[in-house]
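1. Structure of the sequence below:
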Amino acid sequence: SSSILVSGSWDNNSVFNKGTSVVNFTSAATDTIDSTGATTSDFNNIIFNNSAGQWTLGSNLVLAGNLDINNGTLKNGGYSITGASSQTFSMANSSSALFEMSGTSSYPASFTTYTYGANSTVSYLQTNGLTITNATYGNLNLKPAGSTPLVLPASLGNIAGNLTIGDGTNAGATGLANSPDFSIAGILTIANEATFATGGGTITLTNANPISMTGTAVLNATAGNTIAFVPDQASGNVTVPAKAYYNVRFNKASNNFIVSGGTFVANNNLTVIAGTLDLNTNDPVTTVHGITTIGGTLDASSANPLTIKGHFINDGTFNHNNGDVTIAPIPGGTNNLPTLINIIGTSNTTFFNLTDTTIGHRLNFKAGNTYTINGGIDFSGIPALPLRIGSTINGSQWFITFSNTNNGTMSFVDISDAGCTASQPFSGT
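-> Numbers count the residues shown, from 1 in each chain. Have a look, this model is predicted:
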């Protein structure tokens, strides 16, 4: 086969007989590849190989062989790229291997194999709400040049580098239609003015600083979605932005998941499988609308309350840090009364201040467990709708210990199957 070295632009207005040739584009400048007006314009193999080079298509590109981006930037200029069966579209494992699509163009078609080096970057800049193609990308930019978001596919390979949503001005991306599961090894960046609607799949973040958001960026963690923080590092700190998630999960022993200051919300479940969820360093205002499950450690804030609206399951360690836990169930049970909440788990739990002032609510503690109050309780209902506190098993006791002589208040509370341990009785009002 012959090798053709091109150190500038390609302008074919007539005939190019490709044969078995390899065309090597090596320019360090900004050039074009244009076959407008040509009667024969197909290429065999093409290689782009200069980190300073930038090549923009001026017409559709058709190949019978492979297309390799070793270094430099290939921009499709809104035109199509069409390969052939048994051939490969590849990007080297280089931070200077870049490919951009724009206009209303589609992903390169008809190649059998697509490979992306972990440090390469593919950018979708289209304006037409294109569904991106399932692949195992290195770095992936979803930056629509307009108000219509790009669409995630039903299946998406794990992203070896960064995922960037938005260009700082325009729309972002949505997974609502397809809800893929995938992981991001680098940083999920949501730019100013952009929204990332996750869809209902699980997005696993493995970086120690996994999310970056600027300006008016929005992470719309939609119903069914799980954001899972599972760092690759063996130990250390992981930064968790205080945002609204749907399900949020933490899972790596010897890692400290430090939530930033602000408002931290799980609109469904919060799960600490392993490691420590640290709400105390930056004291976010934290609310869990679904189930709180502790398999590792949860360090509560000493300054702002932890509000739970669903069951609380402690199979690990809960450190209260002299903070408040407020039980605030959502109405929706029988006669629209607040739903039942169980405080359960294999571990005995120590609270500092524990509050439940939801009228007509039923609160159960696990039969056989001992609950320690180091501060005080505030339990109250109203005469017609008292707060009812009992055991998870009718007739089987649960136990409570008060460490403080001034240990809180109770009014219009119906308590059953309870036992006090140690010598300090309830001495509140």
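
2. ok, Leu340 - how many residues close by?
-> Using other C-beta atoms under 10 Å, Leu340 has 15 neighbouring residues. The way it works is simple: take the backbone N, C-alpha and C, and place the C-beta from them, glycine included.

3. separation between it and Gly138?
-> Separation of Leu340 from Gly138 (C-beta to C-beta, to the nearest Å) stands at 49 Å.

4. and what of Trp10?
-> The value you get for Trp10 to Gly138, if C-beta to C-beta is used, is 26 Å.

5. the more surrounded of these two?
-> Ranked by neighbour count (other C-beta under 10 Å), Trp10 and Gly138 place Gly138 first, with 25 against 21.

6. quick one: the closest residue to that one other than its chain neighbours from Trp55, how far?
-> Leaving aside its sequence neighbours, Gly138 sits nearest to Ser120 (C-beta to C-beta, 6 or more residues apart in numbering; 4.1 Å). Counting by C-beta to C-beta, the gap from Ser120 to Trp55 is 16 Å.

7. can you check Asn407 too?
-> Taking C-beta to C-beta, one finds Asn407 at 75 Å from Trp55.

8. wait, Gly58 sits on Tyr79?
-> Yes: counting by C-beta atoms under 8 Å, Gly58 touches Tyr79, with 7.4 Å between them.

9. secondary structure class for Gly215?
-> What DSSP: H, G, I helix; E, B strand; the rest coil gives for Gly215 is coil.

10. so Asn322 sits in a strand?
-> No: with three-state DSSP as the criterion, Asn322 is assigned coil and is not in a strand.

11. so who does it touch?
-> Ser302, Phe352, Asn374, Gly375 (C-beta atoms under 8 Å, 6 or more residues apart in numbering).

12. That one and Pro284: what is the separation?
-> Applying C-beta to C-beta to Asn322 and Pro284 gives a distance of 17 Å.

13. Asn406 too?
-> Asn406 is 29 Å from Pro284, by C-beta to C-beta.

14. The two: who's more crowded?
-> Taking neighbours as other C-beta under 10 Å, Asn406 and Pro284 compare with Pro284 leading, 25 against 10.

15. Go ahead and confirm Ala191 touches Ala171.
-> No: using C-beta under 8 Å, Ala191 makes no contact with Ala171, being 10.4 Å away.

16. contacting residues for Leu142?
-> With C-beta under 8 Å, 6+ apart, Leu142 has these contacts: Tyr124, Ile132, Leu150, Leu163, Thr164, Ile165, Gly166, Gly172, Ala173.

17. Around the second one, how many other residues sit close by?
-> Same thing as Ile132. With other C-beta under 10 Å as criterion, Ile132 counts 20.

18. same check, this time on the third one
-> For Leu150, the number of neighbouring residues by other C-beta under 10 Å comes to 23.

19. can you pull the pLDDT of it?
-> Note on Leu150: pLDDT of 98.

20. before we move on, what about the fifth one?
-> Among the per-residue scores, Thr164 holds a pLDDT of 98.

21. just the one 3 residues further on next, same as before
-> According to the per-residue confidence, Asp167 scores 95 in pLDDT.

22. Could you do Phe318 as well?
-> Value listed for Phe318 in the pLDDT field: 98.

23. before we move on, what about Pro331?
-> In the prediction, the pLDDT value recorded for Pro331 is 75.

24. where's the spatially closest residue to it that is not a sequence neighbour relative to Thr409, distance?
-> Closest residue in space to Pro331, ignoring its immediate chain neighbours: Pro338 at 5.4 Å, by C-beta to C-beta, 6+ apart. With distances taken as C-beta to C-beta, Pro338 is found 20 Å from Thr409.

25. of these two, who's got more company?
-> Remark: of Pro338 and Thr409, Pro338 carries more neighbours, 22 against 15, as counted by other C-beta under 10 Å.

26. distance of the more buried one from His289?
-> Counting by C-beta to C-beta, the gap from Pro338 to His289 is 13 Å.

27. what's the distance between Ser212 and Ile203?
-> In this view, Ser212 and Ile203 are 15 Å apart by C-beta to C-beta.

28. Same question for Asn17.
-> 49 Å.

29. Compare those two (neighbour count), which wins?
-> Shown here are Asn17 and Ile203; by other C-beta under 10 Å, Ile203 has more neighbours (24 against 8).

30. Need the pLDDT of that one.
-> pLDDT recorded at Ile203 is 98.

31. Check His361 too.
-> pLDDT for His361: 89.

32. would you say Leu140 is within a strand?
-> Yes: judged by three-state DSSP, Leu140 forms part of a strand.

33. what sits against the residue nearest to Gly138?
-> By C-beta under 8 Å, 6+ apart, the neighbours of Ser120 are Ile69, Met91, Ala92, Asn93, Ser94, Ser95, Ala97, Leu98, Phe99, Tyr137, Gly138, Asn139.

34. CSV for those, including secondary structure?
-> Formatted as CSV, the contacts of Ser120 follow (three-state DSSP):
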residue, secondary structure
Ile69, strand
Met91, strand
Ala92, coil
Asn93, coil
Ser94, coil
Ser95, coil
Ala97, strand
Leu98, strand
Phe99, strand
Tyr137, coil
Gly138, coil
Asn139, strand
